[in-house]
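**Q** Predicted model, plus sequence, below.
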Amino acid sequence: MWGSSSEEGRALARQAERVVNEVAQGLRTPEDGTAWFTGLSAAGRHAVLRQVIGYAMQAHITAEDGREGVARSGVKRTANPAVMICMDPPRYGFTGLPADEHVTAFRVLVSVFSVADTRRRETHCKGTCGHSWHNLPTTAESPQSDGPRASGTHPTGTSPMEPSRVVEALWDRIQARDWDGVAELVAEDAVVEWPVSGERIVGGGNYVAVNREYPEGWSIRVLRIVADGDEVASEVEVPHEGVAVFRAASFWTVRDGLIVRGREYWTSLGTDPRPEWRTPFVEPM
């Protein structure tokens with residue numbers, strides 16, 4: 001975990017969220033964003049880079065986005081971060097690069113995220129966007145002036161992080177195997193239930209550990225996320241190579257930017273037999 005306390009880590013995450021989104025929306029210059037990142041400690045740069053990787057994954061960037069973003073960033077196309085982001089699918093192992101390449105990686109990631117997030121604002125969010133990070137003030141303030149805020153407070157200081165954003169970040173960080181990042185989203189006393197297998201996970205640490213220790217070979221595709229206040233529902237598909245394709249319907253309670261309770265119904269596709277009596281009324285999927 002970055003910093004000497006979880007509050008310091010959350011404060012840095014809030015600053016990073018604001019800076020990155022202001023750059024993406026043209027409220028802050030890329031040079032100013034890069035200067036802010038460069039001024040962080042090595043541990044801080046590593047934590048922010050991990051966070052921006054999550055944003056890029058949430059924006060569902062494409063190889064074309066990568067090429068356009070790299071061109072805008074001014075980074076050479078042959079630089080490691082530029083090559084990685086232009087792959088199809090993109091490679092996100094930027095935190096594994098040498099520390100002296102992290103500033104370049106940040107420039108590339110923020111530039112590419114700007115391309116993809118602009119498309120998202122102009123399509124999925126056009127006219128009806130309620131995302132607080134898509135409705136930032138038009139005047140950017142220096143992130144260095146931020147003081148401590150309550151957990152989950154949005155970087156503008158106006159409202160907590162939206163519950164749907166928390167759940168979206170949860171799945172993206174699990175996919176990225178960013179276990180420290182997952183821990184930042186789950187309350188220490190969280191309880192998550194798996195009724196299908198009759199199990200209850202008590203404590204955020206145990207929730208992280210269960211996911212971390214699961215045998216490798218899997219990936220996550222988020223199918224949908226819907227929210228009503230603090231209650232969030234998500235549906236994900238999890239192909240596991242050589243095992244099965246799993247689906248999970250999850251119901252989360254999010255308070256102050258942290259998941260405090262969850263109930264997940266996991267199943268694998270094609271394992272539930274179709275009784276003959278239903279045949280006249282249904283068709284195969």
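**A** Here it is on my side, so go on.

**Q** dump the residue contacts of the closest residue to Ala190 other than its chain neighbours.
**A** What sits nearest to Ala190 in space, not counting adjacent residues and going by CB to CB, 6 or more residues apart in numbering, is Gly204, at 4.8 Å. In short, each C-beta sits where N, CA and C put it, glycine included. Residues counted as contacts of Gly204 (CB atoms under 8 Å, 6 or more residues apart in numbering) are Ala183, Val186, Ala187, Glu188, Asp189, Ala190.

**Q** any idea which of these is closest to Glu122?
**A** Of all the contacts of Gly204, Glu122 sits closest to Val186, with 32.7 Å by CB to CB.

**Q** how near is the closest one to Met57?
**A** Separation of Val186 from Met57 (CB to CB, to the nearest Å): 18 Å.

**Q** Would you double-check that Arg261 falls in a strand?
**A** Yes. Using DSSP: H, G, I helix; E, B strand; the rest coil, the assignment for Arg261 is a strand.

**Q** Pairing partners for it in the sheet, please.
**A** Taking DSSP bridges as the rule, Arg261 bridges to Val191, Thr253.

**Q** pLDDT weak spots in the stretch 151-285 of the chain?
**A** Within the stretch 151-285 of the chain, the stretches with pLDDT under 70 are 151-161.

**Q** show me where it has strands.
**A** 186-194, 199-202, 221-228, 231-240, 244-255, 258-268 (DSSP state E, counting those that start in this stretch).

**Q** Now tabulate the ones you listed in TSV and tack on distance to Asp32.
**A** Formatted as TSV, these follow (distance: least, CB to CB, whole Å):
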stretch	distance to Asp32
strand 186-194	33
strand 199-202	42
strand 221-228	32
strand 231-240	33
strand 244-255	32
strand 258-268	30
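
**Q** so which of those comes closest to Leu109?
**A** Of those, nearest to Leu109 by CB to CB is strand 221-228, at 19.8 Å.

**Q** Can you give me the buried ones in the closest one?
**A** Val222, Ile225, Ala227 (16 or more other CB atoms under 10 Å).

**Q** Which strands or helices does it pack on?
**A** Packing contacts for strand 221-228, counted by 3 or more CB pairs under 8 Å, 6 or more residues apart in numbering; DSSP states H and E, involve helix 163-175, strand 231-240.

**Q** Tabulate the buried residues of strand 221-228 in TSV, adding columns for distance to Val70.
**A** Below are those laid out as TSV (distance: CB to CB, whole Å):
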residue	distance to Val70
Val222	26
Ile225	29
Ala227	34
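
**Q** from these, which single one is nearest Glu276?
**A** Out of the buried residues of strand 221-228, the member with the shortest distance to Glu276 (by CB to CB) is Val222, at 34.7 Å.

**Q** can you tell me which helix or strand Arg45 belongs to?
**A** Element membership for Arg45, per DSSP states H and E: helix 42-58.

**Q** and that helix, how far from the chain's centre?
**A** 10 Å (CA atoms, centre = their mean, to the nearest Å).

**Q** Which SSE is immediately downstream of it?
**A** Proceeding N to C from helix 42-58, the next assigned helix or strand is helix 63-73, under DSSP H and E.

**Q** What is the longest helix of this structure by residue count?
**A** Longest helix in the chain, counting residues (DSSP state H): helix 102-122.

**Q** for the helix holding Arg45, packing partners?
**A** In terms of contacts (3+ CB pairs under 8 Å, 6+ apart), helix 42-58 is packed against helix 6-24, helix 30-38, helix 102-122, helix 163-175, helix 179-183.

**Q** for it, which positions count as buried?
**A** 44-58.

**Q** now do stretch 106-115
**A** For stretch 106-115, the neighbour count (16+ other CB under 10 Å) marks Phe106, Arg107, Val108, Leu109, Val110, Ser111, Val112, Phe113, Ser114, Val115 as buried.

**Q** repeat for stretch 201-212
**A** Buried residues in stretch 201-212, defined by neighbour count with 16+ other CB under 10 Å: Ile201, Gly204, Tyr207, Val208.

**Q** From the chain's centroid, how far away is that stretch?
**A** On CA atoms, centre = their mean, the centre of stretch 201-212 falls 18 Å from the chain's centre.

**Q** Then stretch 263-281?
**A** 31 Å.
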